[in-house]
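In: coords below, sequence missing:
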């Protein structure tokens with residue numbers, strides 16, 4: 001198995017453009033009607049059925065906008081599912097890469113043709129795309145790569161679209177417009193898969209949900225909600241968490257939605273949420289996009305996304321911590337991140353439409369301690385009026401911690417010191433510590449949790465003028481998903497070794513196979529705090545981000561505010 005996987009990954013890297021064959025049609029009968037996809041044969045002769053754009057809900061148009069999704073209507077004619085559907089509405093025009101439409105609640109299924117011959121069905125990998133809850137689509141994932149990396153291993157693959165931005169996460173009031181529509185969409189997709197995946201060779205009792213970035217945040221949400229966790233067998237969260245600061249703050253989302261409504265002339269002096277909602281329903285798509293762009297594409301904080309998950313007393317009937325503790329369904333979870341998550345945001349301006357932490361290349365050599373202080377002042381201490389101490393003390397404490405940490409780790413090398421401090425600080429707040437704390441909370445509550453850190457990178461994947469290189473956000477896309485729009489670079493044998501080991505770990509987790517590092521079975525995080533470190537080899541280590549986590553736990557206790565989750569802190573948590 002190991003050698004076979006090594007070969008398959010190498011084929012993808014070196015021979016991606018070699019002969020593959022798309023031929024004929026393949027028809028499946030679902031509970032809603034027949035769908036007709038197409039056949040795909042990879043260079044090794046494996047045959048797959050590809051179904052693109054299957055509707056899993058009614059189009060959320062007109063009166064269904066800002067409402068929970070409804071099941072799709074049944075169809076009598078054979079529905080052709082041979083092309084990706086339109087993308088859901090993107091946050092701004094600069095984010096639009098393909099045709100967009102509100103009629104976007106579609107999913108895609110990739111299955112090995114032999115899968116339909118298995119009576120029990122094979123595991124299902126249900127992938128939620130990322131994009132800071134406002135950008136992206138299921139078409140990001142190349143079906144050929146998903147076929148060869150996952151479906152070839154007898155895994156049925158599903159990718160989905162869901163509503164984004166204001167359409168998916170706009171929130172006014174818990175009664176009239178509570179938000180989280182994008183999460184309700186994902187629930188509807190899970191129900192559709194639960195009911196129909198057996199026709200495609202999948203096992204409806206073994207749905208493994210996986211996401212990267214905000215997609216991983218969605219996976220965290222799906223694993224907590226009693227509306228969705230019953231459909232999930234396992235969860236994989238790559239560089240994302242529901243504990244991220246954006247996902248904990250309702251007033252930010254309410255204010256953004258009210259500001260949008262005001263820009264669209266949907267508000268009056270006497271706020272009436274029902275009237276505002278009806279007014280927003282009446283607006284054209286272009287008007288809504290214009291409203292978002294008028295207000296500014298970026299949040300004036302480091303959390304970037306204008307819209308995202310929120311407490312609504314419905315999808316989330318309680319806070320995240322209590323949902324973890326109360327859940328009788330304890331989903332096995334594989335969760336982790338890279339060590340320099342925000343490097344691509346800070347130095348390479350990924351997601352430029354919403355990226356608020358980018359440092360222009362002209363500032364690299366000039367970024368000094370005073371600039372780090374200014375960053376902390378602008379995004380943290382100036383925004384939180386709950387601080388009852390001199391804010392300069394707080395700023396100094398944060399700067400000194402990261403400066404000492406980086407100098408110690410780099411053995412007194414001070415090149416680009418404060419740029420690295422900025423990357424480490426923002427990586428911790430946006431991803432690393434939320435991921436760790438979600439994993440810890442689940443582990444303490446008895447969930448089987450497997451944690452990891454990825455430190456692998458190839459310096460050739462970065463532009464030459466980037467002064468700092470490392471394992472950054474989304475690096476896994478180059479190896480397990482691959483997209484033609486990604487930066488091109490020549491892969492080495494080290495890339496192949498990393499890809500094989502990382503992909504093998506995912507596949508073994510999905511398919512319930514035991515994975516050993518040497519003679520040791522991969523450990524759960526509980527008690528010992530052990531985790532996997534991925535590079536060209538896999539190592540078992542302890543105390544993931546221990547110093548960083550302790551710093552932020554002490555911080556919230558001392559100042560009664562949790563900057564990681566962006567909420568006031570109480571000891572009841």
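Out: Cool, got the structure. Note that this is a predicted model, so its numbers are computed, not measured.
In: pLDDT below threshold where in the chain?
Out: The model of the chain has pLDDT under 70 over residues 1-23, 115-117, 248-250, 297-300, 383-388, 483-486, 527, 571-573.
In: could you redo the last one with a cut-off of 50?
Out: 1-19, 573 (pLDDT under 50).
In: just want the most central residue of it.
Out: Nearest residue to the geometric centre of the chain (C-alpha atoms, centre = their mean): residue 215, 2.3 Å.
In: wait, what's in contact with that one?
Out: Residues counted as contacts of residue 215 (C-beta atoms under 8 Å, 6 or more residues apart in numbering) are 127, 128, 129, 130, 131, 238, 240. Just so you know, the C-beta spots here come from the backbone N, C-alpha and C atoms, and that holds for glycine as well.
In: is the last one in a helix, a strand, or coil?
Out: Classification of residue 240 by DSSP: H, G, I helix; E, B strand; the rest coil places it in coil.
In: how many other residues sit next to it?
Out: Residue 240 has 29 neighbouring residues, counting by other C-beta atoms under 10 Å.
In: now it. Nearest residue, chain neighbours left out?
Out: residue 216 (2.8 Å; C-beta to C-beta, 6 or more residues apart in numbering).
In: pull the most distant pair out of the contacts of residue 215.
Out: 131 and 238 (13.8 Å; C-beta to C-beta).
In: neighbour count: these two, which is higher?
Out: When residue 131 and residue 238 are compared for neighbours, residue 238 comes out ahead with 28 against 22, by other C-beta under 10 Å.
In: quick one, helices of the stretch 201-350 of the chain?
Out: Using DSSP state H, counting those that start in this stretch, the helices found in the stretch 201-350 of the chain span residues 214-224, 250-263, 273-282, 285-295, 320-326, 343-348.
In: assign residue 157 to helix, strand or coil.
Out: For residue 157, the secondary structure call by three-state DSSP comes out as strand.
In: what separation do you get for the closest residue to it other than its chain neighbours and residue 140?
Out: Nearest residue to residue 157, sequence neighbours excluded (C-beta to C-beta, 6+ apart): residue 110, at 4.3 Å. From residue 110 across to residue 140, the span is 14 Å (C-beta to C-beta, to the nearest Å).
In: mind checking which of the two has more residues around it?
Out: Between residue 110 and residue 140, counting by other C-beta under 10 Å, residue 110 is the more crowded of the two (29 against 21).
In: name the helices or strands packed onto the helix or strand hosting the more buried one?
Out: Remark: residue 110 resides in strand 106-112, with elements defined by DSSP states H and E. Helices and strands touching strand 106-112, as assessed by 3 or more C-beta pairs under 8 Å, 6 or more residues apart in numbering; DSSP states H and E, comprise strand 47-55, helix 143-149, strand 156-160, helix 181-196.
In: got the end-to-end distance for stretch 306-318?
Out: Using C-alpha to C-alpha, to the nearest Å, one end of stretch 306-318 lies 23 Å from the other.
In: how far off centre is stretch 133-140?
Out: In terms of C-alpha atoms, centre = their mean, to the nearest Å, the centre of stretch 133-140 is found 10 Å from the chain centre.
In: could I get the buried residue list for the strand holding residue 110?
Out: For strand 106-112, a neighbour-count test (16 or more other C-beta atoms under 10 Å) marks 106, 107, 108, 109, 110, 111, 112 as buried.
In: CSV for the residues you listed, including distance to residue 414?
Out: Listed next are the buried residues of strand 106-112 as CSV, based on distance: C-beta to C-beta, whole Å:
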residue, distance to residue 414
106, 52
107, 50
108, 49
109, 52
110, 49
111, 53
112, 53
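In: got the contact list for stretch 325-337?
Out: Counting by C-beta under 8 Å, 6+ apart, 216, 223-224, 226, 229-230, 232-239, 241, 318, 427, 431-432, 435, 438-439, 442, 445-454, 505-506, 509, 531-532 sit against stretch 325-337.
In: would you list the buried entries among the residues you listed?
Out: For the contacts of stretch 325-337, buried by 16+ other C-beta under 10 Å: 216, 223-224, 229, 232-239, 241, 427, 431-432, 435, 438-439, 442, 447, 449-454, 505-506, 509, 531-532.
In: which one is residue 212 nearest to, not counting chain neighbours?
Out: Nearest non-adjacent residue to residue 212, counting by C-beta to C-beta, 6+ apart: residue 238, 4.2 Å away.
In: bridged to that neighbour, which residues?
Out: With DSSP bridges as the criterion, residue 238 is bridged to residue 212, residue 336.
In: quick check: it touching residue 217?
Out: No. Counting by C-beta atoms under 8 Å, residue 238 stays clear of residue 217, with 10.7 Å between them.
In: what do these two both touch?
Out: Shared contacts of residue 238 and residue 217, defined by C-beta under 8 Å, 6+ apart, comprise residue 211.
In: check contacts around the residue nearest to residue 212.
Out: Taking C-beta under 8 Å, 6+ apart, we find residue 238 in contact with 210, 211, 212, 213, 215, 216, 335, 336, 337, 476.
In: make CSV out of the contacts of residue 215 and add secondary structure and distance to residue 281.
Out: Shown next, in CSV, are the contacts of residue 215 (DSSP: H, G, I helix; E, B strand; the rest coil; distance: C-beta to C-beta, whole Å):
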residue, secondary structure, distance to residue 281
127, strand, 30
128, strand, 26
129, coil, 26
130, coil, 28
131, coil, 24
238, strand, 35
240, coil, 30
